[in-house]
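[1] task: produce atomic coordinates for the following.
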Amino acid sequence: MNKELTDIFEVDSVLKTLVLCVLTIGSYLIYKLYRFSNQINGHTELKISKYFILTTVILFAISLASLIYGLVNIHDLSILKSSIVIHLVSSVFDVTWIVMVRNRINQISGSNKGDILWLNPFITSIFHVIYMQHKINQSLVKAAI
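    Purely as a prediction, here's the structure:
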């Protein structure tokens with residue numbers, strides 16, 4: 001891939017990303033994945049389907065709403081139990097989206113296993129967009145030097 005990360009992404013605070021992911025109960029994670037996907041789709045041929053993105057966002061919203069509703073009605077555990085399926089389906093879509101964005105960033109940067117800019121799948125699975133933003137920042141700083 002002949003595109004550079006500098007042509008596609010912007011530097012953003014990793015600390016801000018971390019804090020917002022926690023404070024928004026994961027909603028900022030979805031926002032960042034959406035931003036990364038739009039940046040990838042707008043500047044490369046490695047498109048992520050808009051239908052997939054829309055489906056994932058809707059599933060996340062339903063999952064989050066059912067979780068909040070279940071917590072508000074904590075006295076009735078059957079509500080929380082009944083929302084387990086939607087949480088599992090939503091989680092599968094979320095993880096798939098994270099992997100898609102990770103793989104595309106690695107392809108765009110031309111990074112391979114062991115390279116400094118390579119997004120490690122294990123670390124990505126734990127820190128998601130926080131780690132992605134860190135690696136993007138590293139790439140942009142490296143390109144500026």
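
[2] right, and the helix or strand after the longest helix seen in the chain?
    Of all segments of type helix in the chain, defined using DSSP state H, the longest is helix 84-109. The element immediately downstream of helix 84-109 (helix or strand, assigned by DSSP states H and E) is helix 121-144.

[3] in that following helix, what's buried?
    Within helix 121-144, the residues that qualify as buried by neighbour count (16 or more other C-beta atoms under 10 Å) are 124, 127-137, 139-140. Heads up, the C-betas are built off the backbone N, CA and C, glycines and all.

[4] just the CA trace of it, in CSV.
    Once non-C-alpha atoms are left out, helix 121-144 reads as follows in CSV (Å, rounded to 0.1, in the frame of the first residue of the first chain):
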residue,chain,number,x,y,z
PRO,A,121,-3.4,-8.5,17.9
PHE,A,122,-3.2,-9.4,21.6
ILE,A,123,-2.6,-5.8,22.7
THR,A,124,-5.3,-4.5,20.3
SER,A,125,-7.8,-7.0,21.8
ILE,A,126,-7.2,-5.5,25.2
PHE,A,127,-6.8,-1.7,24.5
HIS,A,128,-8.7,-1.4,21.1
VAL,A,129,-8.7,2.2,19.8
ILE,A,130,-6.4,3.4,22.6
TYR,A,131,-3.6,1.3,21.3
MET,A,132,-4.5,2.0,17.7
GLN,A,133,-4.3,5.8,18.4
HIS,A,134,-1.0,5.3,20.2
LYS,A,135,0.5,3.5,17.1
ILE,A,136,-1.0,6.1,14.7
ASN,A,137,0.6,8.8,16.8
GLN,A,138,3.9,7.0,16.8
SER,A,139,3.7,6.7,13.0
LEU,A,140,2.9,10.4,12.5
VAL,A,141,5.7,11.5,14.9
LYS,A,142,8.1,9.2,13.1
ALA,A,143,7.1,10.6,9.7
ALA,A,144,7.6,14.2,11.0
